[in-house]
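Undergrad: I would like to see how this sequence folds:
(2 chains)
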Amino acid sequence: MRRGAFIGVIIGLISLWGGLDLQAQDEAQAILQNLGTNFDKLEKFQVDANVKVDVEFIKIKDRLIKIRFEKPDKFTFDSEGLALLPKNGMQMEYLTLIGKGYTSIMAGQEDVAGVRTKIIKVIPEVENEDIILAQMWIDPVANRIVKMKTYTKKSGSYLIEFSYKNHPFNLPDQIVVTFDISALTLPAKMMSEFQPQAEKVKEGPQQAKVIVQYSNYRVN
Amino acid sequence: MRQLISIELYKIFSKPRTYIGFGAIFVIISAIEIGIKIKGDDMFAMILQNLSDRFIFEGKLINMYGVGYVILNTLWIHVPILVALVTGDLLAGEANSGTFRIILTRPVSRVKLIISKFLAGWLYTFLLIVFMIFLSAVWGWILFGPGDMLVMTTKVSIIGSDDLIWRFGCAYMYGFLCMTTVATMSYFLSALSDNSIGPIIGTIALIIGITVISTVGASLLKPVLPYFFTTYLTSWQKFFNTEFTFSMISHDILIQFIYILAFFFITLFYFRKKDILS
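TA: Presented below is the predicted three-dimensional model:
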């Protein structure tokens, strides 16, 4: 009798845990879908952006560029001079991820800049996708992404932090992209002396930071 | 004096070898410009391969300034040879053909002759550099147009097109100063020799020799390296440093001036006493 009750309790707990897990997965799915729905009405937009590159060995002044977006995920950049943009973070990669099929896992919650966010891990189902894992900090009340960390096949990991004012489509007013550049080597003086001698930029971990400030949104 | 310089210029420009320099510059610059137009994307892709893993380059990467920078690098490789080809012959050529005896029987002082020949050779060097600038700018404008320039040394600098003209101007002026040093050295060797092959080959051998020894045995020659003018031949690159200040280049300019004056006055002193009858 006792044995039967014990097994019953175990089965009950497993079912409850499984149910909670499924519930959490559903919640993650719902948050991500809401995030995607928010951009459904967004056909296209154009915005001016000021790009500031903060890397020790790169000397470049702030650049003004024009960014154009067209549904579903076409981005074009137009710069008057030569601009350096981060490989990840400026093309609303989260929308592409959500749009192409994924597996999501709820990974808890965290306060980011005074906002209670839900942490969701997203694993893309498309095999040839460069991003292999993304962790998103989403504000479920305002329905917008606050922070995202992407892990890519080719270029390491990127941390993207978003700042917002009050834009109807929840488009960001500033993003800060931080990524690791420790493994970068420069073909030093190749241009100047035609000597392809690769030189390590600096020993130890080094971070690149790109700050993009958006202004003058023209939507649809 | 002006007449003497005109005569010397006439002599220089009546010799076919003078045009070898202009011809070589035309061929080299045209080859670089056309080569970069055809294969430039591959070249830049290879150079920027590492950075391209992390960054997207937006804008015109290959433009007239970038190509102009590549061309400037050839300045210290082949222009000294072309300069020496003419300046090494200025005195030795006359000695070889025995015309000194005729020239110096006329009321022309040896000092005036030395100065006028040097100024004529200097003018040739100047024209060679101007031709290089002109050709580089015209080809670059036609094939690529202007744009921001990417300079890749141990750092990566992206310099705006509005900040480049003065840098190129100063770099070419410094290049001209270096070529004046080369011209003065070959002029000095020309005074020592009675055959123009010696000073021409001697100048080239000295530049290449010192450069190779300085590069290979850099640690061994470290104490004396600051005193070689060849150490400063590539200092024009400093003008493309985003934090450039004049103090970064003043020492290099001073060294070049010291060499120019030293070579010139030794030549003057030597030639005044030179036996031209043998």
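Undergrad: just want the most central residue of chain A.
TA: In chain A, the C-alpha nearest the mean C-alpha coordinate belongs to A:Met148, at 3.9 Å (CA atoms, centre = their mean).
Undergrad: and the strands in chain A?
TA: For chain A, the strands defined by DSSP state E cover A:44-54, A:58-60, A:63-70, A:74-79, A:83-86, A:102-112, A:115-124, A:131-139, A:144-152, A:157-163, A:174-180, A:185-188, A:197-200, A:207-219.
Undergrad: and among the ones you listed, the most buried is which?
TA: Neighbour counts (mean count of other CB atoms under 10 Å in any protein chain shown) averaged over each of the strands of chain A peak at strand A:83-86, with a mean of 23. C-beta: built from backbone N, CA, C; applies to glycine.
Undergrad: does anything pack onto that strand? Which helices or strands?
TA: Judged by 3 or more CB pairs under 8 Å, 6 or more residues apart in numbering or on different chains; DSSP states H and E, strand A:83-86 is in contact with strand A:44-54, strand A:63-70, strand A:207-219, strand B:55-58.
Undergrad: quick one on the thing from earlier: rebuild the strands of chain A as a markdown table, extending it with mean pLDDT.
TA: Shown next, in a markdown table, are these (pLDDT from 0 to 100):
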| stretch | mean pLDDT |
| --- | --- |
| strand A:44-54 | 91 |
| strand A:58-60 | 86 |
| strand A:63-70 | 91 |
| strand A:74-79 | 88 |
| strand A:83-86 | 88 |
| strand A:102-112 | 86 |
| strand A:115-124 | 89 |
| strand A:131-139 | 89 |
| strand A:144-152 | 90 |
| strand A:157-163 | 91 |
| strand A:174-180 | 91 |
| strand A:185-188 | 60 |
| strand A:197-200 | 42 |
| strand A:207-219 | 90 |
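Undergrad: turn these into a markdown table, columns for distance to B:Met149.
TA: Converted to a markdown table, the strands of chain A look like this (distance: least, CB to CB, whole Å):
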| stretch | distance to B:Met149 |
| --- | --- |
| strand A:44-54 | 16 |
| strand A:58-60 | 11 |
| strand A:63-70 | 14 |
| strand A:74-79 | 14 |
| strand A:83-86 | 13 |
| strand A:102-112 | 40 |
| strand A:115-124 | 39 |
| strand A:131-139 | 33 |
| strand A:144-152 | 30 |
| strand A:157-163 | 28 |
| strand A:174-180 | 25 |
| strand A:185-188 | 17 |
| strand A:197-200 | 21 |
| strand A:207-219 | 21 |
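Undergrad: between those strands, which one is nearest to B:Met43?
TA: Smallest distance to B:Met43 across the strands of chain A (CB to CB): 11.3 Å, for strand A:185-188.
Undergrad: and the gap between B:Ile255 and B:Phe57?
TA: Applying CB to CB, to the nearest Å, the value for B:Ile255 to B:Phe57 is 38 Å.
Undergrad: ok, now B:Ile204?
TA: Distance of B:Ile204 to B:Phe57, given as CB to CB: 39 Å.
Undergrad: which phi and psi values does the closest residue to B:Ser161 other than its chain neighbours adopt?
TA: Spatially, and ignoring its direct neighbours in sequence, B:Ser161 is nearest to B:Pro146 (5.0 Å; CB to CB, 6 or more residues apart in numbering or on different chains). For B:Pro146, the backbone dihedrals (degrees, to the nearest 10) come out as phi -80, psi 170.
Undergrad: do A:Asn143 as well
TA: Dihedral angles for A:Asn143 - degrees, to the nearest 10 - are phi 60, psi 50.
Undergrad: likewise for the one 10 residues further on?
TA: Backbone geometry at A:Lys153, expressed as degrees, to the nearest 10, gives phi -70, psi -40.
Undergrad: that one contacts A:Leu133, correct?
TA: No: A:Lys153 is beyond contact range of A:Leu133, at 10.4 Å (criterion: CB atoms under 8 Å).
Undergrad: can you tell me the closest non-neighbouring residue to A:Glu125?
TA: A:Gly101 (4.1 Å).
Undergrad: go on, A:Ile211?
TA: Per CB to CB, 6+ apart, closest to A:Ile211 is A:Lys52, 4.4 Å.
Undergrad: close enough to count as contact, the one you found and A:Val210?
TA: Yes: contact criterion CB under 8 Å: A:Lys52 and A:Val210 qualify, at 7.0 Å.
Undergrad: and B:Arg106, how far is that from B:Thr181?
TA: Taking CB to CB as the measure, B:Arg106 falls 31 Å from B:Thr181.
Undergrad: kindly report the same for B:Met1.
TA: 23 Å.
Undergrad: of those two, who's got more company?
TA: B:Thr181 (24 against 10; other CB atoms under 10 Å in any protein chain shown).
Undergrad: any idea how far that one lies from B:Leu143?
TA: Taking CB to CB, one finds B:Thr181 at 32 Å from B:Leu143.
Undergrad: same question, B:Ser214
TA: In terms of CB to CB, B:Ser214 sits 35 Å off from B:Leu143.
Undergrad: just A:Phe179 next, same as before
TA: Distance check for A:Phe179 against B:Leu143: by CB to CB, it reads 35 Å.
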